[in-house]
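Trainee: Build me a model from this:
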Amino acid sequence: QSELDAAVSGKEAAVKQAASDARAEARAEAEAAVRRLEAEHHSAKEAAVASAVTAARAELQSELDAAVSGKEAAVKQAASDARAEARAEAEAAVRRLEAEHHSAKEAAVASAVTAARAELQSELDAA
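Mentor: Below you'll find the predicted structure:
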């Protein structure tokens, strides 16, 4: 009986130790699995954030490109309008100068004709 009790007691101790070891191993495996899941979750979050940042950058760049393109078009149109206005003003100035020149020529001709008439009249009177 004594040997039997000792054997049973030894078996119980061995079973308890095996159960304790199994629990410790299971706990270690569970903790390792939790750490792996946390690391994967962290990596997935980082990837999602990086993807969101990349998408936001692309969208902002697209908006910036569109704004720059719009500004360039507005500047080109303003320059074209300014050139057209300057051309119209220059053409008007040329027309004014031509008209003034024509008037001056007419006045000079009229003055010359008047002077010639006066000279001829003077010569006629003298004759």
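Trainee: Which helix or which strand is home to residue 36?
Mentor: Applying DSSP states H and E as the criterion places residue 36 in helix 2-126.
Trainee: And the spatially most central residue of the chain, what's its pLDDT?
Mentor: The centroid of the chain falls nearest to residue 64 when counting by Cα atoms, centre = their mean (1.4 Å). For residue 64, the pLDDT comes out at 95.
Trainee: With the one 10 residues further on instead?
Mentor: Confidence at residue 74, expressed as pLDDT, is 95.
Trainee: cool, and residue 5?
Mentor: Note on residue 5: pLDDT of 85.
Trainee: Quick one: neighbours of it, just the number.
Mentor: Residue 5: 9 surrounding residues under other Cβ atoms under 10 Å. Where you see a C-beta, it was placed from the backbone N, CA and C, and this is true even at glycine.
Trainee: Can you tell me how far it is from residue 15?
Mentor: 15 Å (Cβ to Cβ, to the nearest Å).
Trainee: same thing with residue 31?
Mentor: To residue 15, residue 31 is 24 Å away according to Cβ to Cβ.
Trainee: Relative to residue 76, how far out is residue 69?
Mentor: Computed as Cβ to Cβ, the residue 69 to residue 76 distance reads 11 Å.
Trainee: Great, nothing more from me.
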